[in-house]
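[1] attaching a predicted model along with its sequence, questions to come.
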Amino acid sequence: MPSFKNTNPPMDRATFRANLAAIPRVKIAHLPTPLEELHRLTAELGGPRILIKRDDATGLAMGGNKARHYEFELAHLVEQGYDAYVNMMDYHSNNARMTAAAANKFGIKYSCVLRFAAGREIQGNLLIDKILGADLHLLNEEESEQSRAEEYARELGRKLEAEGYKPYVRVDHEFPTIVGTLGYLNGALELLGQLEEMGIHTVKIIGVGGRSTGGLTLAAKNLGLDWDITGVMVNYDMPIDSYLYDVIPGAARVAKLAVGFEPGDMTILDQYIGEGYGIPTSEALDAIHLMAKTEAILTDPNYTGTVMAALIDQIKQGNLTKDDTVVILHTGGLPALFTFADELWKHEYTGV
Ligand SMILES: Cc1ncc(COP(=O)(O)O)c(C=O)c1O
């Protein structure tokens, strides 16, 4: 497994910090988020020492990783004078909710095209989108085909423009994909400080395979940290190449990093997806119950529950042992618990 331990790191911390500080940023997230030690889960699983970085506690209408992302994204929008935002996401999207919240804080009109949303129960993120006053466009199955949904969003943008707005149509911009990684370059500095305060210098970090874990990896590589990062995939339709690897060079450029990212810098686990995105596996449902029973921490059926299922299995397989210290990156997603209430209610917790 890769780690970036290097006594002669490609970048010194002061330069890394200064480069990040030079990127326009607004204050949105509740930071720093806690880094907690999970004594009961550690004892229950009988494996490594386990800690959790609580990025479910970032605020912004029920928390999650995107609050870190939008500190950069909203600064960019405000600077460029955009006064409307058109998003396009799946019906239970955390991104859709958190973008609505961020837009509200800056008085930006927010419209959201939601795929596979028509006829759904108004619950979870969808309900919060509504409460936040988002202009919602609920697509049926046929309209939800990716390119059709994108065109719907663009058409909405044209309409807003005709009404005199300056709309930011997300699907046409690179920056929203870069901010996920930028947010976690900063997140890495925060985590590094917390770990060092606890006297921990060597860790294995596990989280959803995506731009947030990508940001941690990029930071660890540039700063020469003894961090070994694993990304757990949750979706077959978002290949890691296009979802992450293609985006990283943009983030490295904006943050003026010394070194970029190579596939292989992060361990990718893609065996825990199950039937597909939005269909919780029974192992994820079990893991949600276990985490709640041992630590009173809620995880979600799509993302962090899958990470927990992966962690449990990796311990069972002996890939994580008592010699390791593991940090779980909790990226939020909690409103989805309500969307998947039926599955969670009916699921018989089998113990681990
Ligand atoms: C709860 C949660 N975790 C993780 C992710 C992955 O995000 P990213 O690729 O920005 O790390 C998402 C994406 O929507 C999410 O909602």
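    Structure's in. What do you need?

[2] for the ligand, give me its nearest residue in this structure.
    residue 210 (2.3 Å; C-beta to the nearest ligand atom). Just so you know, the C-beta spots here come from the backbone N, C-alpha and C atoms, and that holds for glycine as well.

[3] helices of this structure, start to end?
    Taking DSSP state H as the test, the helices found in the chain are 13-21, 39-45, 66-80, 94-105, 124-131, 146-162, 175-197, 211-223, 240, 248-254, 282-295, 304-316, 336-339, 341-346.

[4] would you mind finding the most buried of those?
    helix 211-223 (a mean of 27; mean count of other C-beta atoms under 10 Å).

[5] how about the residues of this structure that lie near the ligand?
    64-65, 94-95, 180, 208, 210-212, 303, 331-333 (C-beta under 6 Å from any ligand atom).

[6] TSV please, covering those and showing pLDDT.
    TSV is the format used below for the residues of the chain next to the ligand (pLDDT from 0 to 100):
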residue	pLDDT
64	98
65	98
94	97
95	97
180	95
208	98
210	96
211	96
212	97
303	97
331	98
332	98
333	97
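
[7] next, format those as CSV and append distance to residue 47.
    Shown next, in CSV, are the residues of the chain next to the ligand (distance: C-beta to C-beta, whole Å):
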residue, distance to residue 47
64, 27
65, 25
94, 29
95, 32
180, 29
208, 20
210, 24
211, 28
212, 24
303, 22
331, 22
332, 25
333, 24
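
[8] number of nearby residues for the residue of the chain closest to the ligand?
    24 (other C-beta atoms under 10 Å).

[9] wait, what's in contact with the nearest residue to residue 174 once chain neighbours are set aside?
    Spatially, and ignoring its direct neighbours in sequence, residue 174 is nearest to residue 250 (5.9 Å; C-beta to C-beta, 6 or more residues apart in numbering). Counting by C-beta atoms under 8 Å, 6 or more residues apart in numbering, residue 250 makes contact with 174, 177-178.

[10] now pLDDT too, for those, in JSON lines please.
    Formatted as JSON lines, the contacts of residue 250 follow (pLDDT from 0 to 100):
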{"residue": "174", "pLDDT": "93"}
{"residue": "177", "pLDDT": "94"}
{"residue": "178", "pLDDT": "96"}
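
[11] now, which of these sits nearest residue 195?
    Distance to residue 195, by C-beta to C-beta, is smallest for residue 178 among the contacts of residue 250, at 25.6 Å.

[12] which ones are touching that closest one?
    247, 250-251, 254.

[13] confidence-wise, which of these comes last?
    The member of these with the lowest pLDDT is residue 247, and it reads 92.

[14] report how many residues lie close to it.
    The number of residues near residue 247, taken as other C-beta under 10 Å, comes to 22.

[15] and it, backbone torsions?
    Dihedral pair for residue 247: phi -90, psi -30, per degrees, to the nearest 10.

[16] does it touch residue 218 like I think?
    No: counting by C-beta atoms under 8 Å, residue 247 stays clear of residue 218, with 10.7 Å between them.

[17] what touches both of these two?
    Joint contacts of residue 247 and residue 218 (C-beta under 8 Å, 6+ apart) are residue 181.

[18] distance between the lowest-mean-pLDDT helix or strand in the chain and the chain's centre?
    Least confident helix or strand, the chain: helix 240 with a mean of 89, by mean pLDDT, DSSP states H and E. Relative to its chain's centre, helix 240 lies at 14 Å (C-alpha atoms, centre = their mean, to the nearest Å).

[19] that helix packs against which elements?
    The helices and strands touching helix 240, judged by 3 or more C-beta pairs under 8 Å, 6 or more residues apart in numbering; DSSP states H and E, number zero.

[20] contacts for that helix?
    209, 231, 233, 263, 268.

[21] what is the nearest of the residues you listed to residue 83?
    Among the contacts of helix 240, and counting by C-beta to C-beta, the member closest to residue 83 is residue 209, at 34.5 Å.

[22] dump the contacts of helix 240 to JSON lines, plus pLDDT and distance to residue 20.
    Converted to JSON lines, those look like this (pLDDT from 0 to 100; distance: C-beta to C-beta, whole Å):
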{"residue": "209", "pLDDT": "96", "distance to residue 20": "23"}
{"residue": "231", "pLDDT": "97", "distance to residue 20": "22"}
{"residue": "233", "pLDDT": "97", "distance to residue 20": "27"}
{"residue": "263", "pLDDT": "88", "distance to residue 20": "24"}
{"residue": "268", "pLDDT": "96", "distance to residue 20": "26"}
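
[23] now, among those residues, which is nearest to residue 282?
    residue 233 (17.8 Å).

[24] my guess is the closest one contacts residue 270, does it?
    Yes: with contacts counted by C-beta under 8 Å, residue 233 reaches residue 270, the gap being 4.2 Å.

[25] those two - which one has more neighbours?
    residue 233 (21 against 15).

[26] list the contacts of stretch 69-86.
    23-29, 60, 98-99, 102-103, 105-113, 153, 156-157, 160, 165-170, 175-176, 179-180, 182-183, 186, 211.
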